[in-house]
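Participant: Got a predicted model here, sequence first, then my questions.
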Amino acid sequence: MDTSITTTPSSYPLVNGILRFTEASMTTLISFLKYALPMSIFFLRFLEWWYSSGYGRSGSTSVGSTYIPPPPERIKVNIYLFWFTFFV
């Protein structure tokens with residue numbers, strides 16, 4: 001009969017609990033960083049573009065000073081040519 005004390009992981013419940021908690025924490029941290037790092041890189045690149053393009057320097061504009069683009073030019077359509085290409 002063997003009377004020696006065996007040291008299996010189940011004989012230390014506190015250490016086993018700490019190891020499971022550490023493993024779960026690291027798994028959660030890695031899965032969080034898998035999405036957080038690309039999002040932070042995208043956000044920093046967006047800020048870099050924003051401040052280099054002039055949008056960031058324009059500041060807030062008042063209602064009267066907003067830029068209104070000119071109306072588009074009218075397109076002249078030759079109706080005869082349109083019907084000819086449509087039916088032929």
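Facilitator: The structure has been received and is ready for your questions. This is a predicted model, so every value here is computed, not measured.

Participant: separation between Leu29 and Ala36?
Facilitator: Distance from Leu29 to Ala36, counting by C-beta to C-beta, to the nearest Å: 10 Å. Every C-beta, even on glycine, is put in place using the N, C-alpha and C of the backbone.

Participant: buried residues in stretch 69-81?
Facilitator: Residues of stretch 69-81 classed as buried by neighbour count (16 or more other C-beta atoms under 10 Å): none.

Participant: ok, and what's touching it?
Facilitator: Taking contacts as C-beta atoms under 8 Å, 6 or more residues apart in numbering, no residue outside stretch 69-81 touches it.

Participant: Extract the CA atoms of that stretch and return them as CSV.
Facilitator: C-alpha atoms of stretch 69-81 as CSV (Å, rounded to 0.1, in the frame of the first residue of the first chain):
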residue,chain,number,x,y,z
PRO,A,69,-22.0,75.1,-53.9
PRO,A,70,-23.1,76.5,-57.3
PRO,A,71,-26.0,74.7,-59.0
PRO,A,72,-25.1,72.1,-61.5
GLU,A,73,-24.9,72.9,-65.2
ARG,A,74,-27.9,71.9,-67.3
ILE,A,75,-27.2,69.0,-69.7
LYS,A,76,-28.5,69.6,-73.2
VAL,A,77,-29.9,66.4,-74.7
ASN,A,78,-30.6,65.9,-78.3
ILE,A,79,-34.0,64.1,-78.3
TYR,A,80,-33.7,63.0,-81.9
LEU,A,81,-30.4,61.3,-81.2
